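J.: Below are the sequence and a predicted model for it; my questions follow.
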Amino acid sequence: MIISAVSQGLLWAVLGLGIFMTYRILNFPDMTTEGSFPLGGAVAVTLLVQGVHPLLATFVAVLAGCLAGLVTGLLYTKGKIPTILAGILTMTAIHSVMLFIMGRANLGLLDVETLQSALPFSQSINLLIMGLIVVALVIAALIFFLHTQLGQAYVATGDNKEMARSFGINTDRMEVLGLVLSNGVIALAGALISQQDGYADVGKGTGVIVIGLASIIIGEVLLAGNLTLLERLLTIVVGSIFYQLLIALIITLGFNTSYLKFFSALVLAISLMVPEWRKLVLKGGRVK
């Protein structure tokens, strides 16, 4: 069970890394997540059923997520639609897109080779290895990008948009870029998890933003302090694994799995309150 929870945590950490790019760096609450995540799964599973190689199917799923992020970015920057509403509009439209792609509300993978099944070990070990490989690649790509000149302009946009503009940075372009990259990573998570679960479903994105935020917040609570970029990204992985271990514990204790989303929201709420509680304990002051 522990190996399974760790493997799940690694795959869900990819979702957290994608959300981190908008939620933490750009300060952009992107609701597209709940559309691009199942979209990645829908595209990957549909292509796999049609005999496409798992690597190519997963890559196309990432491109689909990037396209979803582009739509949200254009609605926000060019259409001047508020951030949350732009994401909701895209998320709503994606539901119909997924129905068009799959031709039904859900689609299964029966005796179809996936990325995980291509590895020569047992299913649990395959998931663990795949999770480690993907997380390592995504973190390495993010660190490389954020240390480039373009990446620094992207970070500056999130830190202070007005100041970034004064330095000649096209902040609209940076925000669109961030949404494209973020939703590409989120769609990757959706594609991997759908392959691991053995099916894609149009309703699979409901509540996933809470899981991604829980990974980020729990990691920050557990490993608070002045951290390097690598350490901050690793806290998301730690937070995701810790969250999945909590869910495994809840299931082990016999709670009804139908209420997992309630427990997810509860864990996130408690994690968000912990920093204020910590200040109260350490300083003996009042929480405003």
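T.: In hand now; what should we look at? Residues are numbered from 1 along each chain as shown.

J.: right, and Met98 touches Pro38 too?
T.: Yes: applying CB atoms under 8 Å, one finds Met98 in contact with Pro38, separated by 6.3 Å. Placement of C-beta: from N, CA and C, glycine included.

J.: which residues are in contact with both of those two?
T.: Ala200, Val202 (CB atoms under 8 Å, 6 or more residues apart in numbering).

J.: Please give the number of neighbouring residues around Pro54.
T.: The number of residues packed near Pro54 is 19, by other CB atoms under 10 Å.

J.: those helices in the stretch 1-150 of the chain, which residues are they?
T.: Using DSSP state H, counting those that start in this stretch, the helices of the stretch 1-150 of the chain run over 2-20, 33-49, 54-77, 83-102, 123-146, 149-159.

J.: Output those in CSV, with mean pLDDT and distance to Asn183 appended to each entry.
T.: Listed next are those as CSV, based on pLDDT from 0 to 100; distance: least, CB to CB, whole Å:
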stretch, mean pLDDT, distance to Asn183
helix 2-20, 91, 7
helix 33-49, 95, 4
helix 54-77, 96, 3
helix 83-102, 95, 9
helix 123-146, 92, 13
helix 149-159, 93, 15
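
J.: Tell me which of those sits nearest to Tyr199.
T.: helix 33-49 (6.8 Å; CB to CB).

J.: Next one: Gln196 from Asn170, what distance?
T.: When CB to CB, to the nearest Å is the yardstick, Gln196 and Asn170 sit 39 Å from each other.

J.: quick one, which of these two is more surrounded?
T.: Set Gln196 next to Asn170 and count neighbours by other CB under 10 Å: Gln196 wins out with 21 against 14.

J.: looking at the helices of the stretch 1-150 of the chain, which is closest to Thr114?
T.: helix 54-77 (5.4 Å).

J.: Measure how far the closest one is from the centre of its chain, please.
T.: When distances are taken as CA atoms, centre = their mean, to the nearest Å, helix 54-77 is centred 13 Å away from the chain's centroid.

J.: Restricting the selection to alpha carbons, write it to PDB.
T.: The C-alpha trace of helix 54-77 is given here as PDB (Å, rounded to 0.1, in the frame of the first residue of the first chain):
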ATOM      1  CA  PRO A  54       2.100   5.300 -25.800                       C
ATOM      2  CA  LEU A  55       4.900   7.900 -26.100                       C
ATOM      3  CA  LEU A  56       3.300   9.600 -29.100                       C
ATOM      4  CA  ALA A  57      -0.200   9.500 -27.500                       C
ATOM      5  CA  THR A  58       1.100  11.100 -24.300                       C
ATOM      6  CA  PHE A  59       2.900  13.800 -26.300                       C
ATOM      7  CA  VAL A  60      -0.300  14.700 -28.300                       C
ATOM      8  CA  ALA A  61      -2.100  14.800 -24.900                       C
ATOM      9  CA  VAL A  62       0.400  17.400 -23.700                       C
ATOM     10  CA  LEU A  63      -0.200  19.500 -26.900                       C
ATOM     11  CA  ALA A  64      -3.900  19.300 -26.300                       C
ATOM     12  CA  GLY A  65      -3.400  20.700 -22.800                       C
ATOM     13  CA  CYS A  66      -1.100  23.500 -24.200                       C
ATOM     14  CA  LEU A  67      -3.900  24.400 -26.600                       C
ATOM     15  CA  ALA A  68      -6.400  24.700 -23.700                       C
ATOM     16  CA  GLY A  69      -4.000  27.000 -21.800                       C
ATOM     17  CA  LEU A  70      -3.600  29.100 -25.000                       C
ATOM     18  CA  VAL A  71      -7.400  29.600 -25.200                       C
ATOM     19  CA  THR A  72      -7.600  30.700 -21.600                       C
ATOM     20  CA  GLY A  73      -4.600  33.000 -22.000                       C
ATOM     21  CA  LEU A  74      -6.100  34.700 -25.100                       C
ATOM     22  CA  LEU A  75      -9.500  35.100 -23.400                       C
ATOM     23  CA  TYR A  76      -7.800  36.800 -20.500                       C
ATOM     24  CA  THR A  77      -5.200  38.900 -22.300                       C
END
